[in-house]
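A.B. asks: Mind folding the following:
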Amino acid sequence: MDKRAREESENNGFTPSSPVKRTLAWIGLAYALILLSLTTYFFFTATGLRNLGPLLTVPGLIGLGVVALVSWKSTGRPGKRSAIALAVLCWLLALITLPIGIVGLLSNFSDYVTVFGISILGG
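C.D. replies: Numbering: from 1, shown residues only. Coordinates of the predicted model:
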């Protein structure tokens, strides 16, 4: 019986990833899908999309807020108030950046872009 327990403990090589690592993996997956769609668009149209900087920051900002909360829940660091404040700040920045990114994306498809009733000259 003792020998079997020792073998099971030696063969147990699987260590699950921490919640923070899994959250970072999901953020990486989001960016991989974005890169895939940008590459596919380039192959089909032979033109690259411009003005995507603000739109590409949105998954990272959302993910940073989630990482702060997951880190607080799993390890206790950072503190509760600072984790919530960081998450709210990141999500507000993502919310502010999203319309700017959408305008940048739409500027690739026409000369004039109207978002929320505001006309913007595109490129």
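
A.B. asks: what about the strands in the chain?
C.D. replies: 112-115, 118-121 (DSSP state E).

A.B. asks: residues touching the residue nearest the centre of the chain, list them.
C.D. replies: By CA atoms, centre = their mean, the mean C-alpha position of the chain lies nearest to P59, the distance being 2.8 Å. Under the criterion of CB atoms under 8 Å, 6 or more residues apart in numbering, the contact partners of P59 comprise I27, A30, Y31, I34. No exception for glycine: its C-beta is placed from N, CA and C like everyone else's.

A.B. asks: quick one, what contacts the first one?
C.D. replies: Contact analysis of I27 by CB under 8 Å, 6+ apart lists P59, G60, G63, V67.

A.B. asks: so where's the chain shaky on pLDDT?
C.D. replies: Counting by pLDDT under 70, the chain contains low-confidence ranges at 1-11, 111-123.

A.B. asks: Tell me the spacing between L98 and S18.
C.D. replies: 29 Å (CB to CB, to the nearest Å).

A.B. asks: Neighbour count: these two, which is higher?
C.D. replies: With other CB atoms under 10 Å as the criterion, L98 and S18 differ in neighbour count, and L98 comes out ahead with 16 against 13.

A.B. asks: any idea how far the residue nearest to that one when sequence neighbours are not counted is from L69?
C.D. replies: Spatially, and ignoring its direct neighbours in sequence, L98 is nearest to V58 (5.6 Å; CB to CB, 6 or more residues apart in numbering). For V58, the distance to L69 under the criterion CB to CB works out to 17 Å.

A.B. asks: got it, and L36?
C.D. replies: When CB to CB is the yardstick, L36 and L69 sit 28 Å from each other.

A.B. asks: again with P99
C.D. replies: P99 is 24 Å from L69, where distance means CB to CB.

A.B. asks: So which of those two has more stuff around it?
C.D. replies: For P99 against L69, the residue with the higher neighbour count under other CB under 10 Å is L69, and the figures read 19 against 14.
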